[in-house]
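A.B. asks: when you get a sec, could you give me coordinates for this:
(chains A and B)
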Amino acid sequence: MSALTMVQTIARTLDEEMARDDRVVVLGEDVGKRGGVFLATEKLFDKYGPDRVIDSPLSEAAIIGAAVGMAAHGLRPVAEIQFADYVYPGFDQLVSQVAKLRYRSGGQFTAPLVVRMPAGGGVKGGHHHSQSPEAHFVHTAGLKVVFPSTPADARGLLKSAIRDDDPVVFMEPKRLYRAVKEELPDDLDALVPIGKAAVRRVGDDVVLVSYGGSMAETTRAADALVEQGLSPHVIDLRSLAPWDEETVLEAVARVGRVVLVSEAPKSASVMSEVAATIAEELLDQLLAPPLRVSGFDTPYPYAQDREYLPGPARIMRAVQRVLDY
Amino acid sequence: MILESQLFQPFTDEPIAVTSESGEWIAPFELDLGPDELRRMYQDMLLGRAVDERMGRLQRQGKVSFAAPSGGHEGAQVGIAHAMRAGHDWLFPYYRDVTLPLAIGVPVVEFVAQAMGTAADPSRARQMPYHPSSKALNIFSAASPIASHIPPAAGCAISMKLRGTDQVTVCTFGDGSTSEGDWHAGVNFAGAQGAPIVFACQNNRYAISVGFEKQTGSDSIYTKAHAYGMPGYFVDGMDALASYYVMREAVQRARDGFGPALVELLVYRYGGHSTADDDSRYRPRAEVEAWRKRDPIARLRRFLTRKGLWDEAAEREAEAVVKAQVDDAIAQAQAAGDVALETMFEDVLAEVPERLVKQRSELLG
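C.D. replies: Below is the predicted model:
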């Protein structure tokens, strides 16, 4: 297989899964002839037709809600929300229907569906094309939430999500859609398990934990630390609900210093939960307080698009603080 | 599209009725229901009312937390139920459906156990009363957020269409639902896809205390169908047989591939919105009494009596049967006992995740 970008990988993966299982259907705004505004469903309409690649009305509540009924009736829908910032009209569907169906029916009805959505900033999109709303979903019992940062993980996690019997919110870092190309394995069943983090670099001085778009800046910060002669340990969470406590706690227990990087607003973020868990489990093994480097508690700005993101400089400063503690 | 074989025209100014208040057949077509089916409809209504009344009593006794009176809705609900193929078609119900799930075949014990939250509830005592569901009968799990079930119902019908099953989805709701964005989102998607679904509005003219004239600037619900490219039918929901015949035609039309329809069944709720409501604050007693005089059960009884299918003795016997059925169901529901505490952590996901295992130990020690 030739090297593909993340967004090309997503289109390829949807094709592979639709070919494998005829219960898999795609629905959303512009997913048909247009192939999605980011081309994440490119060529699927030509191959599978309007019954399996459904151009929906411009309504997130209809898209996510209809996916619930389709899934309950036996399909495996993959819904696309054009931008994560637009999910809110469908938020009630996610919280009240998608997340609750199995529980409230005592397991009689389930909603095995995937809701894909490009998220995160760095594309000069202003606050309605840049947000990172994953904490809302993680806070909602009954949803699985993943946020890959590489093409291979996007493929492996999307396959796992489509095959999962639970609903999965699949978040895509849009600023990495075309950032790198990666050679993908030929194996059509190369799954990445939901709930398992990836260790990107093994080190002893400080643990850096991140996910999604912020993995790019975290990786650059780690490279800079290596150039300074330090040894960072880098973890890509990949899954946010459930998240891989074992991998994180094992590394932090060993190293004693941790910096948590995410571009989502700081308050009540996913990384706040990771920090709290580290404090609850490992207080006596910590050499410094867990620090969060995050987006700010403001709406996402337009002009200060890059400055809002937790860039390498801010990450390095936080690393210095935990080293100096 | 209006078919020549159709008995009813959409968008009539007056609600469709097939029997008069005094129980005469007034439709311009022949009744084609046999005596057994007619009696069964009547008995289903008696059962629905008996369960509903008993729920009110159980609430006052502290055995259920809440009840949502459905007295006055029985005619519309029995008509909807009998128009469906039980266990084949899907129902997306709302919380005031009592006669409807019972008439489709939900055992009384399941309905009562759901309300009481005992182990005999197939949904494992997870919801407040009046939220039954049955996988066996394709009755989707009711949800409290108003109209949130409309887009899922549309999706189910779209799935039926693209999988080529000959099933139909029926989705019920009250007049208040039609103000929610999700109602329009779901009805619109079903219309755009020509999906086999019938949207059945039980318009009892009140959303808790807010009257119909404050709910919408429209004169009616059924006219909203125009906007979504589907026929809208206006029915006297106090006439069980009119409810049945219009629903039967709408369901058949959907099954035959002619797409969705919106049916407005004009009903009244005799009780408050719920056992937590005081309806004397917002509507005059005279209005309630006037509607009680149009009772759907009494109307079908007059019809059956005129046809020689019902009499005093049959009534006494049916009431005794229903009472025994309800008594027995309550006893069975209670005897099933409580659900185990640890089940609180199950069915969040297919498997209990590690984090919940820890939280469970925190509770159970």
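
A.B. asks: residues contacting the closest residue to chain B within the stretch 101-250 of chain A?
C.D. replies: In the stretch 101-250 of chain A, the residue found nearest to chain B is A:Gly106; the distance is 3.2 Å by CB to the nearest CB. The C-beta positions use only the backbone N, C-alpha and C, and glycine is treated the same way. Neighbour list for A:Gly106: B:Asp121, B:Pro122, B:Ser123, B:Arg124, B:Ala125, B:Arg126, B:Asp347 [criterion: CB atoms under 8 Å, 6 or more residues apart in numbering or on different chains].

A.B. asks: residue contacts, the fourth one?
C.D. replies: When contacts are counted by CB under 8 Å, 6+ apart, B:Arg124 touches A:Gly106, A:Gly107, B:Val339, B:Thr343, B:Glu346, B:Asp347.

A.B. asks: just the ones of those residues in helices?
C.D. replies: Using DSSP state H to define helices, no part of the contacts of B:Arg124 is located there.

A.B. asks: show me what contacts A:Ser262?
C.D. replies: By CB under 8 Å, 6+ apart, the neighbours of A:Ser262 are A:132, A:210-212, A:214, A:269-271, A:292-295, A:310.

A.B. asks: please identify which of the contacts of B:Arg124 is nearest to A:Glu280.
C.D. replies: B:Glu346 (24.6 Å; CB to CB).

A.B. asks: tell me the one of the contacts of B:Arg124 nearest B:Leu91?
C.D. replies: Once CB to CB is applied, the member of those that ends up nearest B:Leu91 is A:Gly106, at 17.4 Å.

A.B. asks: show the pLDDT at that closest one.
C.D. replies: For A:Gly106, the pLDDT comes out at 98.

A.B. asks: from B:Tyr42, how far out is it?
C.D. replies: 32 Å (CB to CB, to the nearest Å).

A.B. asks: so where's the chain uncertain?
C.D. replies: You didn't pick a chain, so chain A it is. A:1 (pLDDT under 70).

A.B. asks: wrong one, chain B
C.D. replies: B:1-4.

A.B. asks: which residue would you name as the spatial centre of it?
C.D. replies: Against the mean C-alpha coordinate of chain B, by CA atoms, centre = their mean, the closest residue is B:Asp97 at 3.3 Å.

A.B. asks: ok, whichever residue of chain B sits closest to chain A to A:Leu27 distance?
C.D. replies: Residue nearest to chain A within chain B: B:Pro151 (2.2 Å; CB to the nearest CB). Look at B:Pro151 and A:Leu27: by CB to CB, they are 11 Å apart.

A.B. asks: shared neighbours of those two, anything?
C.D. replies: With CB under 8 Å, 6+ apart, B:Pro151 and A:Leu27 have common neighbours A:Ala66.

A.B. asks: so these two - more neighbours on which side?
C.D. replies: B:Pro151 (36 against 27; other CB atoms under 10 Å in any protein chain shown).

A.B. asks: output the contacting helices and strands for the host helix or strand of the more buried one.
C.D. replies: B:Pro151 is part of helix B:150-163, with elements assigned from DSSP states H and E. When contacts are defined as 3 or more CB pairs under 8 Å, 6 or more residues apart in numbering or on different chains; DSSP states H and E, helix B:150-163 sits against helix A:60-73, strand B:90-92, strand B:169-174, helix B:181-193, strand B:197-203.

A.B. asks: what angle separates that helix from strand B:197-203?
C.D. replies: Calculated by axes from the mean of the first three to the mean of the last three CA atoms, to 10 degrees, helix B:150-163 forms an angle of 150 degrees with strand B:197-203.

A.B. asks: check which element follows the strand or helix carrying B:Val322 along the chain.
C.D. replies: Per DSSP H and E, B:Val322 falls inside helix B:312-335. Next in sequence after helix B:312-335, counting helices and strands by DSSP H and E, comes helix B:354-364.

A.B. asks: and that next one, what's buried?
C.D. replies: Neighbour-count burial for helix B:354-364 flags B:Leu356, B:Arg360 (criterion: 16 or more other CB atoms under 10 Å in any protein chain shown).

A.B. asks: each with direction, which strands does the longest strand anywhere in chain A pair with?
C.D. replies: The longest strand of chain A (DSSP state E) is strand A:258-265. Strand A:258-265 sits in its sheet next to strand A:206-210 (parallel), strand A:291-295 (parallel), going by DSSP bridges.
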